[in-house]
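Q: sequence? don't have it. structure:
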């Protein structure tokens, strides 16, 4: 089959690789009909996430048709249309029973689990197409994928629904939803969202859906800010104004009740701290550039809540722990418990309560995936979301 493979920093290629096979009795094989490039994939493209190996198959946002099912899988049938969550969860461990699926104890194999245990204290959950920290599983930017624990993860969707309407149930829609949920939004709350990429835009829409009175979106790409406006947000261009001062003015001097960091470890901008972070990262003195997170902590009102869906991978310095403690801020972080939200969000999408297609900017054949990565990296104002179609040809 054909698949997108990683070969080094800014080096991804379409290769012919072996077809996946059923390995465990709860597996399924899915023929991919749509897959997407995620902002988190750019962290791999930039080689900020360690333990990738040359030839690893990328991609964790995908859906398709079930073409084979293991003998102990009682959930799926051949021919069903499914969306596959990026989190691989067993459904039976201590964490899965508590619907903390992104903390599953069984999906990261022993031969890879030790690496994240050394870094983070406990082993990470398995995930598709990311790194060997998360199990080294082949990803979905391919023609076919083996899906472990396929009686837990895949979301069966109606056969006649368009792929693009439900594709983002795999990751960015539930990630935006959980980001807003972690804010514990009250009816009169102001929520500020840093970063208007796909997750940030879905966080804006989710915050409104969960009852926020006002949502303020912060970025510097005009097109992304326009998309946030379409969702109902007020916007701040951080290249034009001082973000903290603007937020104080927009909230009567109080500050936002809740703040969402949808930026993560590769903050942009030419502030002094970010320039220093970038230099230190180049020298391997830090791994993460946290200008956005620093701004979040300083801007959030006293006693406010911080939600962090943005991906962080290692260590950072100049962390404002004093402000975090003295202001009495609450923080919730973590990878998304996708399976917890699948049924609810599918119903909302099918009932047109949430629009999931407005942020798609480009559609490409899978064979053009390397071009899609370059575009997404280099043209972030114009490229908000790239959907890849295996077997398609350019029109």
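A: Perfect, I can see it now. Note that the coordinates shown come from a computational prediction; the quantities given were computed from them, not determined experimentally.

Q: and the helix or strand of the chain with the lowest mean pLDDT, how far out from the chain's middle?
A: Every helix and strand in the chain was compared by mean pLDDT, DSSP states H and E; the lowest is helix 272-282, with a mean of 80. Here the centre of mass of C-alpha atoms in helix 272-282, compared against the chain's by Cα atoms, centre = their mean, to the nearest Å, lies 24 Å away.

Q: and the next element down the chain from that helix?
A: helix 291-299 (DSSP states H and E).

Q: Which strands and helices lie in contact with that next one?
A: Judged by 3 or more Cβ pairs under 8 Å, 6 or more residues apart in numbering; DSSP states H and E, the packing partners of helix 291-299 are strand 190-194, helix 243-250, strand 258-261, helix 272-282, strand 305-308, helix 321-326. For the C-beta atoms, the positions are set from N, CA and C on the backbone; glycine is no exception.

Q: can we see that at 10 Å?
A: strand 190-194, strand 214-219, helix 243-250, strand 258-261, helix 272-282, strand 305-308, helix 321-326, strand 330-333 (3 or more Cβ pairs under 10 Å, 6 or more residues apart in numbering; DSSP states H and E).

Q: quick one: that helix to helix 243-250, angle?
A: With axes from the mean of the first three to the mean of the last three Cα atoms, to 10 degrees applied, the angle from helix 291-299 to helix 243-250 works out at 40 degrees.

Q: Measure how helix 291-299 sits relative to helix 272-282, angle-wise.
A: Interaxial angle of helix 291-299 relative to helix 272-282 (the same axes, to 10 degrees): 140 degrees.

Q: what angle separates helix 291-299 from strand 190-194?
A: 160 degrees.

Q: Ok, which of the helices and strands packed on helix 291-299 comes nearest residue 67?
A: strand 330-333 (36.6 Å; Cβ to Cβ).

Q: buried sites along that closest one?
A: 331, 332 (16 or more other Cβ atoms under 10 Å).

Q: Let me see the mean pLDDT of it.
A: Mean per-residue pLDDT for strand 330-333: 97.

Q: So which elements touch that strand?
A: Going by 3+ Cβ pairs under 10 Å, 6+ apart, strand 330-333 lies up against helix 172-181, strand 258-261, helix 291-299, strand 305-308.

Q: who wins for proximity to residue 82 among these?
A: Among the helices and strands packed on strand 330-333, helix 172-181 sits nearest to residue 82 (Cβ to Cβ), with 15.2 Å.

Q: Please report how far the residue minimising distance to the centre of the chain lies from residue 96.
A: In the chain, the residue lying closest to the centroid (Cα atoms, centre = their mean) is residue 172, at 5.0 Å. When distance is defined by Cβ to Cβ, to the nearest Å, residue 172 is 22 Å away from residue 96.

Q: one step back: looking at the helices and strands packed on strand 330-333, which is nearest to residue 352?
A: Closest among the helices and strands packed on strand 330-333, using Cβ to Cβ: helix 172-181, at 13.9 Å.

Q: I'd like the average pLDDT over that closest one.
A: According to the model, helix 172-181 has a mean pLDDT of 98.

Q: Now do the contacts for residue 359.
A: Contacts for residue 359 were tallied using Cβ atoms under 10 Å, 6 or more residues apart in numbering; they are 168, 172, 196-198, 200-202, 205, 224, 227, 230-231, 384-385.

Q: I'd guess residue 356 is in a helix, am I close?
A: No. Counting by DSSP: H, G, I helix; E, B strand; the rest coil, one finds residue 356 to be coil, located in no helix.

Q: What sits closest to it if chain neighbours are left out?
A: Closest residue to residue 356 apart from its sequence neighbours, by Cβ to Cβ, 6 or more residues apart in numbering: residue 168 at 5.0 Å.

Q: you'd agree that neighbour is up against residue 345?
A: Yes. If you go by Cβ atoms under 10 Å, residue 168 and residue 345 touch, sitting 9.2 Å apart.

Q: The two: which is more packed in?
A: A count of neighbours by other Cβ atoms under 10 Å puts residue 168 above the other of residue 168 and residue 345, at 29 against 23.

Q: which residues does the nearest residue to residue 139 once chain neighbours are set aside contact?
A: Sequence neighbours aside, residue 129 is the residue nearest to residue 139 in space, at 1.7 Å (criterion: Cβ to Cβ, 6+ apart). Residue 129 makes contact with 3-4, 6, 35, 38, 40-41, 44, 56-62, 86, 136-142, 145, according to Cβ under 10 Å, 6+ apart.

Q: swap in residue 144?
A: Per Cβ under 10 Å, 6+ apart, neighbours of residue 144: 1-3, 17-21, 29-32, 64, 67-68, 138, 390.

Q: care to break this structure down by domain?
A: Under the assignment automatic domain parsing, the domains of the chain span 2-171+336-389, 175-333.

Q: so where do the strands sit in the stretch 1-150 of the chain?
A: 2-8, 11-16, 28-37, 56-57, 61-69, 81-84, 87-88, 126-127, 144-147 (DSSP state E, counting those that start in this stretch).

Q: Turn those into TSV, columns for distance to residue 179 and mean pLDDT.
A: Converted to TSV, these look like this (distance: least, Cβ to Cβ, whole Å; pLDDT from 0 to 100):
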stretch	distance to residue 179	mean pLDDT
strand 2-8	27	98
strand 11-16	27	98
strand 28-37	18	98
strand 56-57	27	98
strand 61-69	16	98
strand 81-84	19	98
strand 87-88	15	98
strand 126-127	18	97
strand 144-147	25	98
